[in-house]
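Colleague: here you go, sequence then predicted model.
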Amino acid sequence: MLRVAILDDHPAVLAGLRRLIDAEADLTVVAVAASPPDLARELNGLRPDVLILDYDLSADDGLAHCRRIKSRPDPPAVVIYSAYAGPALTLAARAAQADAVVDKAEPVQSLLAAVRSAASGEIVMDAVPRDAFEAAVSRLEDDDLPVFAMLLDREPYGSIAGALRIDPAEVSWRAQRIVGRLRPRRGVDLDEVVPAREAYGTS
């Protein structure tokens, strides 16, 4: 039985997902909450197998919360569940080391499949078009690029710090900066911000 926690600031989403997930024979909801502190209280030390996490939390930053969770030992799988799914969110979620991104417009079966796949160690994210990836990279500082590359490879923060010979606290700070620069802005996608040919001076 996979233990699922849900963090979303919409009560209807919380209630609906809890009902649908609990109806699955192999899944059980162990906690639901609208904020990270409330979720921690609900879990009371219990580690879920999968956290379904809303990207656009009104009182917090879903990607920052994902990054904090993934920096801890033995973290759960994290499924970002968002109405803003797209290349920008996918790259930011990968940098935050999420395991899956699911569009809230998709049928609930897509979410359930992502939960099961993420719990088994699979990465469930759409491929990012080359232009969108290059536009994203152009928004990062040069000294953040090695950290970004290793985050995409899902290297633990300690391994990144060791490879780059920097303090783990600096890795955490740089990861936060990277995710902040990659995160989607409402109504704007990365491939609309900086076309690749402008960023690299190519035709």
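Modeller: Arrived safely, thanks for sending.
Colleague: buried set for the strand or helix carrying Pro37?
Modeller: Using DSSP states H and E, Pro37 falls within helix 36-43. Under the neighbour-count criterion of 16 or more other Cβ atoms under 10 Å, helix 36-43 has 36, 39, 43 buried. In this view, the C-beta of every residue, glycine as well, is placed from N, C-alpha and C.
Colleague: name every strand pairing with the helix or strand just after it and say which way it goes.
Modeller: Going down the chain from helix 36-43, the next helix or strand is strand 50-54, by DSSP H and E. Sheet pairing for strand 50-54, assigned by DSSP bridges, gives strand 2-7 (parallel), strand 77-82 (parallel).
Colleague: wait, Ala77 sits on Asp99?
Modeller: Yes. If you go by Cβ atoms under 8 Å, Ala77 and Asp99 touch, sitting 4.3 Å apart.
Colleague: rewinding a little: deepest-packed of the strands paired with strand 50-54, please.
Modeller: Ranked by mean neighbour count, the strands paired with strand 50-54 are led by strand 77-82 with a mean of 26 (mean count of other Cβ atoms under 10 Å).
Colleague: contacts for it, please.
Modeller: Residues outside strand 77-82 that contact it (Cβ atoms under 8 Å, 6 or more residues apart in numbering): 8, 49-56, 62-63, 66, 69-70, 89, 93, 97-104, 111, 114-115, 118-119, 121, 124.
Colleague: buried ones among these?
Modeller: 8, 49-56, 62-63, 66, 69-70, 89, 93, 97-104, 111, 114-115, 118-119, 124.
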